[in-house]
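Asker: what follows is a predicted protein model with its sequence.
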Amino acid sequence: MSDSALPALVGHGAVPALGILPDWLDPMKILDNPALGFWVVIIACAIIFAETGLLVGFFLPGDSLLFTAGLLVSTGKMPINIYALMGMLMVCAFVGNQLGYYIGYKAGPAIFNKPDSKLFKKQHVDSAHAFFEKHGGKALILARFVPIVRTFVPVIVGVAKMDMRKFLLFNAIGAILWAGGVTYLGYVLGNKVPWVRDNLDIIFIAIVAVSVIPIGIEFLKAMSHHRKKKAQQADPTA
């Protein structure tokens, strides 16, 4: 891809954040800055860490940033080997989620040991714990591909006291598939398949939909089971 094609990439809406977020959060404007040199790699890693590990980072453009980073490596705009970049981003995504889990694990008792309020109820923690113990692997991995959700799920799982070893495993798998996979997708397809490059918004919406549907189905099943259980307790003869 020529230098002149990069502005066109932005102009055609290749970055989904353009229609929602301010210009300063446009991944292309963040990463395609020759003055930053190798610092652009550090900035990309910091954004992925903040989005996955710091609650205030929920608004950051994770998916589009990963794809754009892979694209810019393929065009020589980012001075790093693609596998080195993928490794760094995967580590940041993994460590970020671990931090989120730790925040939830430590903050949970302080919040839920207080008298119940409308927002924080012990029964919600128990329900979350049961849900993630049963569907934790699928839910954690799929949540990686859902903006905002991926920021808060590790905290919820930490509050619910999901087994640490299980979380470590699923966190690692999710980091590899999301941070590594989306970055490599940008590296392989972003420069070679114009349709993919120019329709990222459609692709990421489809990814979110595919990721949310299984979680939603399992959640509805759990809610239905909970209602039936309560009905049986209210009327044992039913």
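Answerer: Here it is on my side, so go on.

Asker: tell me, how many residues neighbour Phe94?
Answerer: Around Phe94 there are 21 other residues, counting by other CB atoms under 10 Å. (C-beta placed from N, C-alpha, C; glycine too.)

Asker: please identify the helix or strand for the nearest residue to it once chain neighbours are set aside.
Answerer: The shortest distance from Phe94 to any non-neighbouring residue, by CB to CB, 6 or more residues apart in numbering, is to Ala175 (4.1 Å). Using DSSP states H and E, Ala175 falls within helix 164-175.

Asker: I'd like to know which elements that helix is packed against.
Answerer: Under the contact criterion of 3 or more CB pairs under 8 Å, 6 or more residues apart in numbering; DSSP states H and E, helix 164-175 touches helix 82-112, helix 122-143, helix 149-159.

Asker: the residue nearest to Gly137 when sequence neighbours are not counted and Ala46: what is the separation?
Answerer: Once flanking residues are discounted, Gly137 sits nearest to Phe170: 4.9 Å by CB to CB, 6+ apart. Using CB to CB, to the nearest Å, one obtains 24 Å as the distance from Phe170 to Ala46.

Asker: Phe167 touches Gly137, doesn't it?
Answerer: No: with contact defined as CB atoms under 8 Å, Phe167 does not reach Gly137; the gap is 9.8 Å.

Asker: more neighbours, these two?
Answerer: Under the neighbour definition other CB under 10 Å, Phe167 and Gly137 were set side by side, and Phe167 has more, 22 against 15.

Asker: which ones are touching that one?
Answerer: Tyr101, Gly136, Leu140, Pro154, Val157 (CB atoms under 8 Å, 6 or more residues apart in numbering).

Asker: let's see it at 10 Å
Answerer: Asn97, Gln98, Tyr101, Tyr105, Phe132, Gly136, Gly137, Leu140, Pro154, Val157, Gly158, Lys161 (CB atoms under 10 Å, 6 or more residues apart in numbering).

Asker: which of those residues ranks first by neighbour count?
Answerer: When neighbours are counted by other CB under 10 Å, Asn97 leads the contacts of Phe167 with 31 neighbours.

Asker: show the pLDDT at it.
Answerer: Note for Asn97: predicted pLDDT of 94.

Asker: show me the contacts for it.
Answerer: Asn97 neighbours (CB under 10 Å, 6+ apart): 49, 52-53, 140, 143-144, 150-151, 153-155, 157-158, 167-168, 170-172, 174-175, 178.

Asker: give me the distance between the two termini of stretch 173-193.
Answerer: Start-to-end span of stretch 173-193 (CA to CA, to the nearest Å) is 27 Å.

Asker: right, and Gly186 touches Lys77 too?
Answerer: No: using CB atoms under 10 Å, Gly186 makes no contact with Lys77, being 11.7 Å away.

Asker: shared neighbours of these two, anything?
Answerer: In contact with both Gly186 and Lys77: Thr68, Ala69, Leu71, using CB under 10 Å, 6+ apart.

Asker: and Gly186 and Lys77? Which one has more around it.
Answerer: Gly186 (27 against 19).

Asker: now do the same for the nearest residue to the more buried one once chain neighbours are set aside: helix, strand or coil?
Answerer: Counting by CB to CB, 6+ apart, Gly186 lies nearest to Gly70, which is 2.8 Å off, once chain neighbours are set aside. In three-state terms, and counting by DSSP: H, G, I helix; E, B strand; the rest coil, Gly70 is helix.
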